[in-house]
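Chemist: Just need the structure, nothing else, for what follows:
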Amino acid sequence: MNTENSRNTIIFVVITGLILILYQLFVLEPQAQQRRAAQAEQAAVAAATGLPVGEDAPTAGSGLITDRAQALAASARVPIETPTLSGSLSLLGGRVDDLFLSNYRQTLDADSPPVELFRPQGMEHAFFAQFGWTAQNIPGGVPGPNTVWRLTSGERLTPETPITLTWDNGQGLRFTREVSVDDQYVFTVRDTVANLSAQPVTLAPYGLVERDGIPSDLGKQFILHEGAIGTFVDGDRATTRQIKYGDWAKRPREEFTSTGGWLGVTDKYWLAAILPDQADEVTGVVTMRGEAGTGVYRTRLQSEAVTINPGRQVTETQHLFAGAKRNEILSAYEDSLGLPRFIYAIDWGMFWFLTRPIFLTVEFFFGILGNFGLAILALTVVVKLIMFPLANKAYESLSKMRTLAPKMEEIKKKHGADPQKQQQEMMALYQREKINPLAGCLPILVQIPVFYALYKVLFVTIEMRHAPFFGWIQDLSARDPSNIWNLFGLIPWNPDSAPLIGGLIGSAATGGFTLGLSILAIVYGLTMWLQQAMNPPAPDPVQRQIFSLMPILFTFIMAPFAAGLLIYWTWNNILSILQQYFIMHRFKAENPIDDFIAKVKARTASKKA
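Modeler: You can find the predicted model right below:
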């Protein structure tokens with residue numbers, strides 16, 4: 001490498017470091033301060049009201065109801081009790097607006113409250129689903145958001161006991177709504193309108209999901225979609241559309257037409273979506289009114305209008321999915337209800353052709369091993385076996401280069417003053433020995449898409465949420481909680497709240513950074529150092545210095561990532577080291593493992609002597 005290239009390398013490293021420091025100071029640190037302020041405000045509200053601090057906990061000073069019991073008492077309600085859901089349905093508007101996911105907790109604590117999905121109107125970040133009819137110039141009108149329905153059948157909504165609601169407009173139209181729920185996450189709403197008047201009427205059924213404002217922890221992840229989502233069908237083609245909250249505010253109204261399909265609002269792990277009859281011609285409308293972040297975000301599906309002649313009645317059936325985005329559950333509903341691309345409610349990303357197979361592979365091994373951490377280890381072995389031939393050739397080239405180190409040093413000494421001649425002689429040596437100097441990069445380059453796909457899987461799939469490994473690692477989707485600054489728990493002090501060395505500045509998904517090294521991060525760094533030490537040294541001194549710093553740099557870069565990713569990459573490094581060691585041993589190439597073993601034997605022999 002000539003002096004010009006060395007200078008450019010140094011300039012590149014310095015500029016990169018400056019960019020990281022500036023990004024830390026002016027982007028990530030202000031974001032962290034905002035999050036800490038929001039968390040403190042939520043904690044104050046929780047202390048004052050007795051409400052748990054959850055993902056959507058209300059903030060102080062909003063002027064809205066902060067007492068959930070008060071909000072629920074504003075209307076008569078029907079309890080909802082299923083194996084997976086709990087809450088209530090409001091008779092005011094017939095809304096499903098009070099819903100908790102019984103099988104999921106907000107945190108790992110045993111006494112942590114269940115995850116809240118829907119929240120009643122009147123509270124900040126209200127979130128609910130509503131069904132109804134639209135019509136024009138109908139005497140007596142149609143039921144709307146302020147209509148008080150009458151409960152005529154059933155006392156509580158369970159999978160075994162549906163309920164029936166009725167409302168009469170006093171002008172010859174009688175509305176009957178039967179609501180049922182299965183043992184997972186789908187409500188079925190069957191609306192019947194009987195025309196007892198002397199005139200025909202024309203009505204159009206609709207279903208909507210509405211969220212008031214964006215909770216502080218939503219809509220800010222670069223790698224994840226949160227916001228409006230739906231699949232629309234045109235002929236034989238089904239297209240899934242995603243609208244992030246930021247784009248939603250910039251384009252406050254969008255319309256789509258479809259035959260069937262579905263539309264709703266998605267969070268990282270949860271989904272609320274309207275599922276119409278798949279034979280219906282529907283119009284999807286995505287709207288936002290008010291200020292960005294605090295306005296009303298609504299997704300609405302409206303079916304074609306139907307005319308009801310005197311003495312006749314019509315029945316329209318719609319469904320509501322309100323629950324966790326588990327792959328097998330979405331897949332089952334996709335089949336049973338004929339929903340197009342419903343499994344893509346999970347944000348598999350643009351590399352879905354890698355992400356989904358990797359998830360399914362991990363899930364397959366989980367079914368055998370019963371632990372997602374072990375399943376990730378098994379996935380790593382599968383990937384290594386697939387790439388074994390490629391890696392073998394790469395490590396053979398690296399081993400040959402290491403044995404040729406003396407000849408390469410001779411060329412450098414002989415042609416040190418002529419970099420071009422030195423390069424020509426090096427290439428000639430590679431050709432004679434049938435060595436590809438770039439072969440060592442191939443296994444790493446091929447691993448990058450797999451690494452990204454596993455990162456995506458750990459980040460977006462609820463199956464990985466709160467999934468334990470062993471020991472102190474109780475959530476593979478979160479960073480390793482151990483920290484070097486309290487000697488990994490030996491010192492009774494929690495450094496999480498300490499700036500930089502504790503809590504993550506930013507997030508791993510958005511380039512967060514921390515100096516708080518965990519056990520997994522350190523083990524990863526050691527395996528990376530050993531693997532790099534087994535490679536032939538770079539011919540240029542500047543390159544050697546940069547490469548020697550890479551394990552340290554990547555140890556800090558990888559520290560904030562999910563524990564599952566560090567387990568994968570560390571185990572991958574260990575397998576690579578073993579494979580490379582046996583190949584180097586076969587080629588009789590010098591390697592640090594043999595050197596270490598030789599030193600241990602020499603020390604043992606000297607002690608015996």
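Chemist: Show me the shaky parts of the stretch 51-200 of the chain.
Modeler: For the stretch 51-200 of the chain, applying pLDDT under 70 flags the ranges 51-63.
Chemist: So what's the residue count around Arg326?
Modeler: The number of residues packed near Arg326 is 17, by other Cβ atoms under 10 Å. Glycine gets a C-beta too; all of them are placed from N, C-alpha and C.
Chemist: How about the contacts made by it?
Modeler: Ile462, Glu463 (Cβ atoms under 8 Å, 6 or more residues apart in numbering).
Chemist: Over to it: give its phi and psi.
Modeler: Backbone geometry at Arg326, expressed as degrees, to the nearest 10, gives phi -80, psi 140.
Chemist: That one and Leu320: what is the separation?
Modeler: Distance, Arg326 to Leu320, by Cβ to Cβ, to the nearest Å: 17 Å.
Chemist: One more: Gly144?
Modeler: Gly144 is 18 Å from Leu320, where distance means Cβ to Cβ.
Chemist: least trustworthy helix or strand in the protein by mean pLDDT?
Modeler: Evaluated with mean pLDDT, DSSP states H and E, the helix-and-strand set of the chain has its lowest mean pLDDT in helix 29-49, which scores a mean of 44.
Chemist: would you say Ile593 is within a strand?
Modeler: No. Judged by DSSP: H, G, I helix; E, B strand; the rest coil, Ile593 forms no part of a strand; its state is helix.
Chemist: ok, how many other residues are close to Leu101?
Modeler: 21.
Chemist: In contact with it, which residues?
Modeler: Counting by Cβ under 8 Å, 6+ apart, Leu101 makes contact with Thr84, Leu85, Pro114, Val115, Glu116, Leu117, Trp270, Gly323, Ala324.
Chemist: host element of it?
Modeler: Per DSSP states H and E, Leu101 falls inside strand 96-105.
Chemist: For the stretch 251-400 of the chain, give me the ranges with low pLDDT.
Modeler: Scanning the stretch 251-400 of the chain for pLDDT under 70 picks out 400.
Chemist: If Val78 is in a bridge, with which residues?
Modeler: Assessed by DSSP bridges, Val78 has beta-bridge partners Leu89.
Chemist: residue contacts, it?
Modeler: Counting by Cβ under 8 Å, 6+ apart, Val78 touches Ser88, Leu89, Leu91, Leu151, Gly154, Glu155, Arg156, Leu157, Ile163.
Chemist: isn't Met123 right up against Thr66?
Modeler: Yes. When contacts are counted by Cβ atoms under 8 Å, Met123 is listed as touching Thr66 (7.2 Å).
Chemist: Among the contacts of Leu101, which pair sits farthest apart?
Modeler: Thr84 and Glu116 (14.0 Å; Cβ to Cβ).
Chemist: neighbour-wise, which of the two wins?
Modeler: Ranked by neighbour count (other Cβ under 10 Å), Thr84 and Glu116 place Glu116 first, with 22 against 19.
Chemist: Return the distance of the most centrally placed residue in the chain relative to Asp480.
Modeler: For the chain, the residue nearest the mean C-alpha position is Val460 (2.3 Å; Cα atoms, centre = their mean). To Asp480, Val460 is 20 Å away according to Cβ to Cβ.
Chemist: and the nearest residue to Tyr206 once chain neighbours are set aside, what are its bridge partners?
Modeler: Leaving aside its sequence neighbours, Tyr206 sits nearest to Gln302 (Cβ to Cβ, 6 or more residues apart in numbering; 4.2 Å). Legend: beta-bridge partners of Gln302 under DSSP bridges are Tyr206, Thr283.
Chemist: Tell me how many other residues surround Gln302.
Modeler: Look at Gln302: counted by other Cβ under 10 Å, it has 22 neighbours.
Chemist: What of Pro541?
Modeler: Residues within reach of Pro541, counting by other Cβ under 10 Å, total 11.
Chemist: Test for you: state the pLDDT assigned to it.
Modeler: Looking at Pro541, its pLDDT stands at 71.
Chemist: repeat for Ser6
Modeler: Here, the pLDDT recorded for Ser6 equals 49.
Chemist: Before we go further, Gly141 is sitting in a strand, right?
Modeler: No. Counting by three-state DSSP, Gly141 is not found in a strand; it is coil.
Chemist: can you tell me how far it sits from Pro113?
Modeler: According to Cβ to Cβ, Gly141 and Pro113 sit 40 Å apart.
Chemist: Show the subsequent helix or strand relative to the strand holding Leu101.
Modeler: For strand 96-105, the following helix or strand on the C-terminal side (DSSP H and E) is strand 114-118.
Chemist: Helix, strand, or coil at Ala198?
Modeler: Ala198 is classified as coil under three-state DSSP.
Chemist: ok, how many other residues are close to it?
Modeler: 8.
Chemist: Likewise for Trp248?
Modeler: Counted with other Cβ under 10 Å, the neighbours of Trp248 add up to 24.
Chemist: Ok, Phe365 next?
Modeler: Around Phe365 there are 20 other residues, counting by other Cβ under 10 Å.
Chemist: got the CA positions of stretch 398-418 in CSV?
Modeler: The C-alpha atoms that make up stretch 398-418 are tabulated as CSV, following Å, rounded to 0.1, in the frame of the first residue of the first chain:
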residue,chain,number,x,y,z
LEU,A,398,-5.8,-17.6,4.2
SER,A,399,-3.7,-20.5,5.4
LYS,A,400,-1.6,-20.5,2.2
MET,A,401,-1.1,-16.7,2.5
ARG,A,402,0.1,-17.2,6.1
THR,A,403,2.7,-19.9,5.0
LEU,A,404,3.9,-17.5,2.2
ALA,A,405,4.5,-14.6,4.7
PRO,A,406,8.3,-14.9,4.4
LYS,A,407,8.2,-14.7,0.6
MET,A,408,5.9,-11.7,0.8
GLU,A,409,8.3,-10.0,3.2
GLU,A,410,11.1,-10.6,0.7
ILE,A,411,9.1,-9.0,-2.1
LYS,A,412,8.4,-6.0,0.1
LYS,A,413,12.1,-5.6,1.0
LYS,A,414,13.2,-6.0,-2.6
HIS,A,415,10.7,-3.6,-4.2
GLY,A,416,10.0,-1.3,-1.2
ALA,A,417,10.8,1.8,-3.3
ASP,A,418,8.6,0.7,-6.2
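Chemist: Check whether Pro143 really touches Gly94, as I assumed.
Modeler: Yes. If you go by Cβ under 8 Å, Pro143 and Gly94 touch, sitting 7.1 Å apart.
Chemist: ok, the two, which is more surrounded?
Modeler: Between Pro143 and Gly94, Gly94 has the larger neighbour count (other Cβ under 10 Å), namely 26 against 23.
Chemist: which residue sits closest to that one, ignoring its sequence neighbours?
Modeler: Sequence neighbours aside, Trp149 is the residue nearest to Gly94 in space, at 5.0 Å (criterion: Cβ to Cβ, 6+ apart).
Chemist: who's in contact with that neighbour?
Modeler: Shown in contact with Trp149 (Cβ under 8 Å, 6+ apart): Leu91, Leu92, Gly93, Gly94, Pro143, Leu165, Thr166, Trp167, Arg177.
Chemist: filter the residues you listed to the buried ones?
Modeler: Buried members of the contacts of Trp149, scored by 16 or more other Cβ atoms under 10 Å, are Leu91, Leu92, Gly93, Gly94, Pro143, Leu165, Thr166, Trp167, Arg177.
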